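the following block contains a protein sequence and its predicted model.
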Amino acid sequence: MDKQQAQRLVQEIFQNPFNRETYTHFLRNLLNEFEPRGTHYNGNLITDAFKTHITQYWRLGKYIDPDNIEMDLLVVEVKSLAKLDRARSALRNFAVNRLKKFGKDCSLIAFYAREDNGQDWRFSFIKIEHEAYKDNQGKVKLKTQLTPAKRSSYLVGIHENSHTAAKQLMPLLIMDYANPKISDIETAFSIEAVTNEFFDQYKGLYIKLAEHLRNQPFFQQGTEKNTIQAVARFAKKLLGQIVFLYFLQKKGWLGVGKNECWGKGSKKFLRERFDLCVAAGDNYYQDFLQFLFYEALAQERQDQAVPSYYSRFDCKIPFLNGGLFEAEYDWENEIIKLPNDIFHNRKKNKAGDTGTGILDVFDRYNFTIKEDEPLEKEVAIDPEMLGKVFENMLEIIERKSKGAYYTPREIVHYMCQESLIHYLDNSLNTYIQKQPHNLLEFAGRDEPFVPQNLIDMTEQDEILVPKTDLEILVRSGHLVRENDQRILNKGEETNTYKFQLPESVRKNAQLIDEKLASIKVCDPAIGSGAFPVGILHEIVNTRLALAQHSGNSQSDYKLKRHAIRESIYGVDIDASAIDIARLRLWLSLIVDEESYDTIQALPNLDYKIIQGDSLLGVNLLFNSRDITRLEEKKKVFFSITNASEKKRLHQEIEDLISEITHSGQDFEFKLYFSEVWHDRDGFDVVIGNPP
């Protein structure tokens with residue numbers, strides 16, 4: 001098979017609804033050969049634990065690679081689109097369950113939902129992870145970990161693009177002379193290649209956009225340095241705004257019909273509107289994007305029969321709030337010219353792809369609003385990549401001067417979990433500092449000599465929840481929710497199903513939940529927001545793991561919004577970093593927004609994620625009455641949506657800060673985050689990039 005044939009095959013399979021026959025044909029081309037099975041499982045043949053998720057599945061066959069490693073080939077029909085999109089752990093656990101039953105370590109699985117006739121589906125590679133250990137005889141052996149599998153998936157179907165899948169699966173499809181190794185298949189599902197390619201493309205867009213803007217009168221005001229800074233800020237923000245909208249249209253929130261519910265909007269809204277602009281002889285930026293940004297997305301329309309209806313575009317557009325789409329210039333009178341070919345053209349890039357415009361580049365990639373987890377990755381552009389783009393955009397000298405370093409997501413994940421474990425351990429348990437057990441331990445010490453019989457040895461540690469139990473809760477709690485809920489539904493443990501959350505955690509679930517609800521976390525050099533977003537997910541996942549025992553039944557969305565309001569703080573000297581960090585926190589909310597009647601406005605993070613130099617704090621004597629007034633105003637500001645009221649309140653807060661600091665400009669933790677010091681003497685967790 002040549003490259004053109006391979007590309008057509010991928011497009012035929014991955015840009016159409018799922019079809020079992022054509023999918024089987026695709027596997028034969030991908031793997032060259034496999035042993036067919038064709039076994040069908042439904043009804044009572046599906047394990048009880050997965051009946052709420054799985055309708056039926058087929059075992060198409062078994063593949064044996066050149067190294068004699070076996071791989072199962074499955075097709076799984078899930079109950080609904082919601083299960084396909086949200087029940088990621090459950091579907092992964094189902095795959096692991098089947099692998100263990102059939103005695104395999106990996107599988108290729110197509111997941112689809114009957115609800116939309118397989119229009120959107122997942123092509124997944126799942127592999128059980130093993131951990132090396134030494135047995136009693138010192139021999140190295142492998143054991144399956146508690147969280148035993150990783151899943152990597154392509155988002156495919158009629159709403160997706162097959163560019164990435166074609167590029168990464170191409171080497172396997174054209175390799176007719178040999179069967180692929182499992183390691184080759186795993187490489188084809190790697191996110192690193194798409195990540196690096198996207199960075200290069202994004203940086204090219206930025207350079208091209210910045211070069212065009214520098215020649216415009218609007219930016220040629222003041223010094224050359226001012227021009228460079230203004231151009232950089234505008235170009236970065238514009239690209240960030242458009243990327244944000246790609247995530248939004250992925251949700252089906254753009255271009256929704258007047259009488260339709262949210263989620264029914266076009267998944268290609270931005271491209272379709274571009275085509276309409278060109279057909280009408282309009283300029284995409286001036287006649288469409290400016291109105292979309294600064295009217296439709298940034299202004300409330302509550303006094304209408306259909307509050308979110310925007311008559312200029314004849315569709316519903318959500319009011320977002322938060323500041324991402326608030327104009328930083330007089331857009332109705334000041335002119336910034338961006339020709340249409342900035343967004344779409346027919347030029348070829350180095351790889352031979354047609355189109356080097358902003359829409360051309362972004363349209364080639366699949367977008368997912370899910371943040372990747374260590375066990376669950378989608379081969380697509382996710383919010384975490386925005387952080388990597390931010391660090392990648394800084395030249396090496398600038399990066400060093402600003403301390404901007406990218407921390408791999410696995411390290412972020414580990415550090416956030418460790419921080420949460422230590423916080424809970426310190427909050428729940430009391431450790432008594434032990435006195436020395438014999439007089440020899442006093443040798444060389446500065447403390448006065450105390451005879452052994454005068455030392456009080458009666459004090460003991462007070463351990464409410466052992467640290468080892470907290471480690472299970474934080475690291476694995478979200479993986480055992482379904483198991484523990486099944487036991488609660490049955491009313492007792494059985495020989496088959498036993499609680500996997502430790503007893504001490506279950507008994508103290510409400511108290512642990514309260515500690516998590518009140519935690520205060522700060523990243524003093526927030527960069528692109530990796531650590532605050534990471535610890536936000538850990539807080540929410542841990543509270544959800546406790547939910548069936550704590551009695552707290554709040555949704556993911558409400559738990560996230562609460563954590564952003566009460567727990568997450570950050571500072572950075574770079575304005576673009578603040579933009580990206582806020583954007584990622586907003587995206588983390590959007591992913592779990594569950595209402596299809598109304599979409600909640602995004603919170604204002606101006607006084608949660610703040611631009612400032614956290615190293616140059618000043619010690620001021622504060623008037624407690626002024627601080628109380630400041631805290632009350634900030635609390636209201638977080639959720640306010642009316643544009644004029646928000647502007648007025650923002651100015652009042654700024655005036656009050658100026659009054660308290662006597663017009664000083666330095667950032668001060670105890671002032672800007674005074675509510676933390678009112679509640680306790682500083683933050684519970686300070687986390688950030690290791691360097």
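Received the coordinates, thanks. Residues are numbered from 1 along each chain as shown.

which residues in the stretch 401-550 of the chain form strands?
Assigned by DSSP state E, counting those that start in this stretch, the strands in the stretch 401-550 of the chain fall at 521-523.

where in it is pLDDT low?
401-406, 433-459 (pLDDT under 70).

could you do the chain as well?
For the chain (pLDDT under 70), the answer is 130-148, 372, 390-406, 433-459, 594-597, 617-621, 690-691.

longest single helix anywhere in it?
The single longest helix within the chain, with elements called by DSSP state H, is helix 224-250.

by contact count, what packs against the helix or strand just after that one?
Helices and strands here follow DSSP states H and E; after helix 224-250, the next one along the chain is helix 269-280. The contact analysis (3 or more Cβ pairs under 8 Å, 6 or more residues apart in numbering; DSSP states H and E) places helix 269-280 against helix 224-250, helix 284, helix 358-363. From N, CA and C alone the C-beta is placed, and that goes for glycine too.

deepest of the ones you listed, which one?
helix 284 (a mean of 25; mean count of other Cβ atoms under 10 Å).

contacts for it next, please.
For helix 284, contacts defined as Cβ atoms under 8 Å, 6 or more residues apart in numbering pick out Arg273, Phe274, Cys277, Val278, Leu338, Asn340, Phe343.

pull the distance from that helix to the chain's centre.
Centroid separation for helix 284 versus its chain: 30 Å, with Cα atoms, centre = their mean, to the nearest Å.

closest one to Arg481 among the helices and strands packed on helix 269-280?
Minimum separation from Arg481 across these (Cβ to Cβ) falls at helix 224-250, 26.1 Å.

now the angle from that closest one to helix 269-280?
Angle of helix 224-250 versus helix 269-280, following axes from the mean of the first three to the mean of the last three Cα atoms, to 10 degrees, is 110 degrees.

burial measure for Gln651, as a count.
When neighbours are counted by other Cβ atoms under 10 Å, Gln651 registers 10.

quick one: secondary structure of it?
With DSSP: H, G, I helix; E, B strand; the rest coil as the basis, Gln651 sits in helix.

now it: how far from Phe637?
Plainly put, Gln651 is 11 Å away from Phe637 if you go by Cβ to Cβ, to the nearest Å.

go on, Asn541?
Plainly put, Asn541 is 29 Å away from Phe637 if you go by Cβ to Cβ.

buried subset of the contacts of helix 284 as a ChimeraX selection?
Restricted to buried positions by 16 or more other Cβ atoms under 10 Å, the ChimeraX selection for the contacts of helix 284 reads:
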select :273,274,277,338,340,343
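
and which of the contacts of helix 284 is nearest to Ser183?
Phe343 (40.0 Å).

which residues does Tyr607 contact?
Here Tyr607 is in contact with Lys634, Phe637, Phe638, Ile653, Tyr672 (criterion: Cβ under 8 Å, 6+ apart).

and this protein, what are its domains?
3-189, 194-367, 406-433+463-612 (automatic domain parsing).

what's the closest of these to Ile627?
Per Cβ to Cβ, nearest to Ile627 of the domains of the chain: domain 406-433+463-612, 13.2 Å.

in this protein, which residue is most central in space?
Glu371 (2.4 Å; Cα atoms, centre = their mean).

who touches Asp606 in this structure?
Asp606 touches Gly323, Phe637, His650, counting by Cβ under 8 Å, 6+ apart.

burial count for Arg561?
For Arg561, the neighbour count with other Cβ under 10 Å is 21.

for the closest residue to it other than its chain neighbours, give me its contacts.
Leaving aside its sequence neighbours, Arg561 sits nearest to Leu589 (Cβ to Cβ, 6 or more residues apart in numbering; 6.2 Å). Shown in contact with Leu589 (Cβ under 8 Å, 6+ apart): Tyr557, Lys560, Arg561, Ile564, Leu602, Pro603.

and the longest helix of the chain, how far out from the chain's middle?
Here the centre of helix 224-250 is set off from its chain's centre by 20 Å, with Cα atoms, centre = their mean.

CSV for the contacts of Leu589, including secondary structure and distance to Glu77?
Listed next are those as CSV, based on DSSP: H, G, I helix; E, B strand; the rest coil; distance: Cβ to Cβ, whole Å:
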residue, secondary structure, distance to Glu77
Tyr557, helix, 28
Lys560, helix, 31
Arg561, helix, 34
Ile564, helix, 36
Leu602, coil, 36
Pro603, coil, 39
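
tell me what Ser124 is bridged to.
Counting by DSSP bridges, Ser124 is bridged to Ile109, Ser153.

before we move on, what about the one 4 residues further on?
In this structure, Ile128 has the following beta-bridge partners (DSSP bridges): Ala149.

buried stuff in whichever strand or helix holds Leu9?
Leu9 is part of helix 3-14 when elements are defined by DSSP H and E. By neighbour count on 16+ other Cβ under 10 Å, the buried set for helix 3-14 is Ala6, Gln7, Leu9, Val10, Ile13, Phe14.
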